[in-house]
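>>> Provided below are the primary sequence and the corresponding predicted coordinates.
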Protein chains: 2
Amino acid sequence: MRRSARRPTIKDIARRAGVSQSAVSFALNDRPGVSPATRERVRRVAEQLGWQPSTAARALSGEGAATVGLVLARPARTLGVESFFLRLVSGVQEALAERRLGLLFQVVEDVAAECEVYRRWWAEHRVDGLLVVDPRHADARPGLLDSLGLPAVIIGGLESGSADGAAEYPAISELRTDDAGAMASIVDHLYQLGHRRIAHIAGLPELAHTRRRTHSLREAAGALGLTEVRSVSTDYSDAQGAAATRAVLDDARPPTAIVYDNDVMAVAGLAVATERGLAVPGDLAIVAWDDSVLCRSTHPGLTALVRDTGAFGRRAATALLALLDGEPAVHVLDERPRLTPRGSTVPLAASRQAHGKALGS
Amino acid sequence: MRRSARRPTIKDIARRAGVSQSAVSFALNDRPGVSPATRERVRRVAEQLGWQPSTAARALSGEGAATVGLVLARPARTLGVESFFLRLVSGVQEALAERRLGLLFQVVEDVAAECEVYRRWWAEHRVDGLLVVDPRHADARPGLLDSLGLPAVIIGGLESGSADGAAEYPAISELRTDDAGAMASIVDHLYQLGHRRIAHIAGLPELAHTRRRTHSLREAAGALGLTEVRSVSTDYSDAQGAAATRAVLDDARPPTAIVYDNDVMAVAGLAVATERGLAVPGDLAIVAWDDSVLCRSTHPGLTALVRDTGAFGRRAATALLALLDGEPAVHVLDERPRLTPRGSTVPLAASRQAHGKALGS
DNA sequence: GTCGGCAACTAATGCGCTTTAGCATCGAGT
DNA sequence: ACTCGATGCTAAAGCGCATTAGTTGCCGAC
């Protein structure tokens, strides 16, 4: 078995450059105390040897682990089609790469396990900061991370209420999604198409954004004088999406438009509608929250709320970098997603009015 | 700004337990040299203090970084619906969790960047081993990792040819997918349904498994005396899947069955068929390689090749753990995925024979 | 009764790096 | 001429752990 090549250390560089180790350290970290000539020479030797600082040694001497963590708490069952995360992570990495930060990623079953991971990572000195996803109502994680002194960015934002721009915790930022604005744009869109009865097939009720969307639907509908709106919560799965669709369609006064909290359920809902002989968009309009290839592959294509998930991740990571640099925590609102109309919602004039039954009062 | 609580160290434990630091180290690492009583006492103190070994310190004293790496080389554009990876990673973590190993995850644009990441991780001492995905024809990565002395598991396996069980590199294992067996089962299934002209909408041509599948299709078809089979390669996107579908359907003698290398393209292909007025499965049978919610949400449901991706990831991680323990590299063949028939392929008797045109000669 | 040998520990070293303290050297100021 | 203060460097300590080389105390063997 061939031995692995030894990694070069600053000692090797020092020897080759004919200086002390500390001089090398100064030179490579842009610290004063070395002449420009020496600095340049050391740099060249380091380059030539392919030297990279050992993160372990750096971490040990107090520099931090050069790593941020991201834990995804999802039961394995729910990991279905999840285009969101990979794109988010991809964006995150773009921002992290500039600082050569690594991303420690873990999938766990639930939030309790997630908290354990945070504790362990903290004690093990593994991460400098965290990206927290799927914020929940009365979320215990920000408090925990604050007490551990780990900077973090809450991706998605916590509650709807405290949009004050002030930080509750000194080292925990929030990147909020504009759920209220997005929901308003959906409701407006549907209203203008003539819809008066709207159902919202939501995701997990404990998630903060589910609560925000549910709340915003009621607000937006109220502003337009609509009373026949309802939200039903699910676990985001196609099965529950289909079941919820059947439930709302079985209503005495069924909705003429359904808003789904993810693409998977929207597609499942479309299947249910087809199964029942309901024409989409003629008898039922469908809107999906979050676009993906699914929304484009169906017949008709599904009107969807499009956001640039990569950019979202990039902004979240950038916010974390700012925290790591010691800047104060911020609460920022992300840009509003755009509603992209497709075949599943169509102006009244173009829809099959002839049926008469298509739209509510 | 509140200071973060100090992490307990082995020194704290030593002080509280009234022994030396080395005794603590021995006690906690199950090394001889301490009495059972002392060992127990030290353990209790450690527990009480919530002590966890600092990975940085461990790594520095030669114990490895307690981390494995996984790099995904995909242009951001291609990160569409990718249920496979999250499930794979989820499985990987289950196996890693037992040893408290972390997973360093990175998304990059291409294989060149991937290799750079490997080099950097090696130099930075960040990982003990790697999981390599998307193995390619004439892949440079195994050679690189071997020269760096980093153990690795090639997920999916390299070439079809060298099924000799022997390892080319001493610390690089392969977990092969049984593409040949799976393709044979698909072809058999279609053959028994009466199909004689089969098209294969493949993925990226440079991927090893694409080559294996393409090759296996020819083999399996040849064994049954079928000559009218073809493979078309794509980038896995819905767009190219649809385009390839149109291309093969435009053929003078179009296929009566299409096998898609992923679920996204299969759904896109179904949409194309519907668009053209082709009945599925009457006029065209569709098989998807890899199941997901997509295949279940369409009408008809898509016959798919189902594999337990979580278990696959678990096996890969387990193979890596074995390597890290110093066991020799192995080349193992993973279990054959099961073909799950759904509405998109139906026995001849049940399909719309009346049309006559449904099946080829 | 002495000594080898073992059990149970402690002391000390090193991993690769950052950082503080220390040490020459040199030019400028008085 | 001698000091002062930069400047450019080296020596050494320390981060938290594993590990190797002692060090003690005790028991059995001779």
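Great, that's in hand.
>>> all contacts plus neighbour counts: C-alpha atoms, from now on.
Will do.
>>> helix or strand: which one has residue A:265?
helix A:263-275 (DSSP states H and E).
>>> mind listing what's buried in that helix?
Within helix A:263-275, the residues scored as buried using 16 or more other Cα atoms under 10 Å in any protein chain shown are A:263, A:264, A:265, A:266, A:267, A:268, A:269, A:270, A:271, A:272, A:273.
>>> now, which of the residues you listed sits nearest chain B?
Checking those against chain B by Cα to the nearest Cα gives residue A:268 as the nearest, at 5.4 Å.
>>> right, and the closest one touches residue B:297 too?
Yes: using Cα atoms under 8 Å, residue A:268 is in contact with residue B:297, at 5.4 Å.
>>> pull up the overlap in contacts between these two.
Each of residue A:238 lies in contact with both residue A:268 and residue B:297 under the rule Cα atoms under 8 Å, 6 or more residues apart in numbering or on different chains.
>>> now stretch A:291-301: mean pLDDT?
Here stretch A:291-301 scores 84 as its mean pLDDT.
>>> can you tell if it touches chain B?
Yes: against chain B, stretch A:291-301 shows contacts by Cα under 8 Å from any Cα of the partner chain at A:292, A:293, A:294, A:297, A:298, A:299.
>>> if you rank those by neighbours, which is first?
With neighbours defined as other Cα atoms under 10 Å in any protein chain shown, the most crowded of these is residue A:297; it has 25 neighbours.
>>> list the contacts for that residue?
Residue A:297 neighbours (Cα under 8 Å, 6+ apart): B:238, B:267, B:268, B:271.
>>> gap between residue A:149 and DNA strand D?
Residue A:149 is 15 Å from DNA strand D, where distance means Cα to the nearest atom of the strand, to the nearest Å.
>>> what's the burial count for that residue?
Counted with other Cα under 10 Å, residue A:149 comes out at 21.
>>> repeat for residue A:332
Residue A:332, neighbours per other Cα under 10 Å, totals 20.
>>> quick check: closest non-adjacent residue to residue A:16.
residue A:45 (7.1 Å; Cα to Cα, 6 or more residues apart in numbering or on different chains).
>>> where's that neighbour, which helix or strand?
Going by DSSP H and E, residue A:45 is in helix A:36-49.
>>> residues near residue A:19, how many?
Per other Cα under 10 Å, the neighbour tally for residue A:19 reads 14.
>>> circling back to that earlier point, need the residues of stretch A:291-301 next to chain B in JSON lines with distance to DNA strand C and secondary structure, can you?
Putting the residues of stretch A:291-301 next to chain B into JSON lines (distance: Cα to the nearest atom of the strand, whole Å; DSSP: H, G, I helix; E, B strand; the rest coil) gives the following:
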{"residue": "A:292", "distance to DNA strand C": "43", "secondary structure": "coil"}
{"residue": "A:293", "distance to DNA strand C": "45", "secondary structure": "helix"}
{"residue": "A:294", "distance to DNA strand C": "47", "secondary structure": "helix"}
{"residue": "A:297", "distance to DNA strand C": "51", "secondary structure": "helix"}
{"residue": "A:298", "distance to DNA strand C": "54", "secondary structure": "coil"}
{"residue": "A:299", "distance to DNA strand C": "57", "secondary structure": "coil"}
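>>> closest one to residue B:226 out of those residues, please.
residue A:297 (31.4 Å; Cα to Cα).
>>> who in the stretch 1-150 of chain A is up against DNA strand D?
A:18-23, A:33-39, A:57, A:60-62 (Cα under 7 Å from any atom of the strand).
>>> pLDDT wise, what is the residue lying closest to residue A:109 once chain neighbours are set aside at?
In space, and not counting its chain neighbours, residue A:109 is closest to residue A:75: 4.5 Å by Cα to Cα, 6+ apart. Reading off the confidence values, residue A:75 has pLDDT 78.
>>> okay, how far is it across stretch A:72-88, tip to tip?
In stretch A:72-88, first residue to last residue: 12 Å (Cα to Cα, to the nearest Å).
>>> what's the first helix or strand after the helix-or-strand element of chain A with minimal mean pLDDT?
Across the helices and strands of chain A, mean pLDDT, DSSP states H and E gives its lowest value to helix A:293-297, namely a mean of 82. Next along the chain after helix A:293-297, taking DSSP H and E as the criterion, comes strand A:303-306.
>>> contacts for that following strand?
Against strand A:303-306 from outside (Cα under 8 Å, 6+ apart): A:182, A:286-291, A:295, A:337-345.
>>> flag the shaky bits of the stretch 51-200 of chain A, pLDDT-wise.
A:76-82, A:159-167 (pLDDT under 70).
>>> tell me where it has helices.
Per DSSP state H, counting those that start in this stretch, the stretch 51-200 of chain A carries helices over the ranges A:55-58, A:83-97, A:111-124, A:141-148, A:179-192.
>>> closest one to residue A:333 among these?
Of the helices of the stretch 51-200 of chain A, nearest to residue A:333 by Cα to Cα is helix A:179-192, at 9.8 Å.
>>> and that closest one, what's buried?
Buried residues in helix A:179-192 (16+ other Cα under 10 Å): A:179-191.
>>> swap in stretch A:107-127?
A:107-108, A:111, A:114-115, A:117-127.
>>> touching DNA strand C at all, it?
No: under the criterion of Cα under 7 Å from any atom of the strand, stretch A:107-127 makes no contact with DNA strand C; the nearest approach is 13.5 Å.
>>> now find how far off-centre that stretch is within its chain.
19 Å (Cα atoms, centre = their mean, to the nearest Å).
>>> got it, and stretch A:45-52?
On Cα atoms, centre = their mean, the centre of stretch A:45-52 falls 37 Å from the chain's centre.
>>> do a quick rundown of the strands in the stretch 251-361 of chain A.
Taking DSSP state E, counting those that start in this stretch as the test, the strands found in the stretch 251-361 of chain A are A:257-260, A:285-289, A:303-306, A:331-333, A:338-340.
>>> pLDDT on the fourth one, on average?
Across strand A:331-333, pLDDT averages out at 94.
>>> by contact count, what packs against that strand?
The contact analysis (3 or more Cα pairs under 8 Å, 6 or more residues apart in numbering or on different chains; DSSP states H and E) places strand A:331-333 against strand A:172-176.
>>> and the strand it packs on, anywhere near chain B?
No: under the criterion of Cα under 8 Å from any Cα, chain B is not reached by strand A:172-176; the shortest gap measures 11.8 Å.
>>> can you give the contact residues for that strand?
A:142, A:146, A:151-158, A:167, A:316, A:319-320, A:323, A:329-334.
>>> how about 7 Å then?
A:151-157, A:167, A:316, A:329-334 (Cα atoms under 7 Å, 6 or more residues apart in numbering or on different chains).
>>> outline the domain layout of chain A.
A:1-45, A:67-176+A:308-336, A:179-302+A:342-355 (automatic domain parsing).
>>> residue A:289: how many residues sit nearby?
Quick note: residue A:289 (other Cα under 10 Å) scores 26 neighbours.
>>> surely it meets residue A:264?
No: at 9.7 Å, residue A:289 and residue A:264 do not qualify as touching, with contact defined as Cα atoms under 7 Å.
>>> okay, the strands of the stretch 251-361 of chain A in JSON lines with distance to residue A:29 next?
Below are those laid out as JSON lines (distance: least, Cα to Cα, whole Å):
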{"stretch": "strand A:257-260", "distance to residue A:29": "51"}
{"stretch": "strand A:285-289", "distance to residue A:29": "46"}
{"stretch": "strand A:303-306", "distance to residue A:29": "43"}
{"stretch": "strand A:331-333", "distance to residue A:29": "33"}
{"stretch": "strand A:338-340", "distance to residue A:29": "44"}
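>>> out of these, nearest to DNA strand D?
When the strands of the stretch 251-361 of chain A are compared by Cα to the nearest atom of the strand, strand A:331-333 sits nearest DNA strand D, at 32.2 Å.
>>> within its sheet, name the partner strands of that closest one and how each one runs.
When pairs are called by DSSP bridges, strand A:331-333 turns out to pair with strand A:172-176 (parallel).
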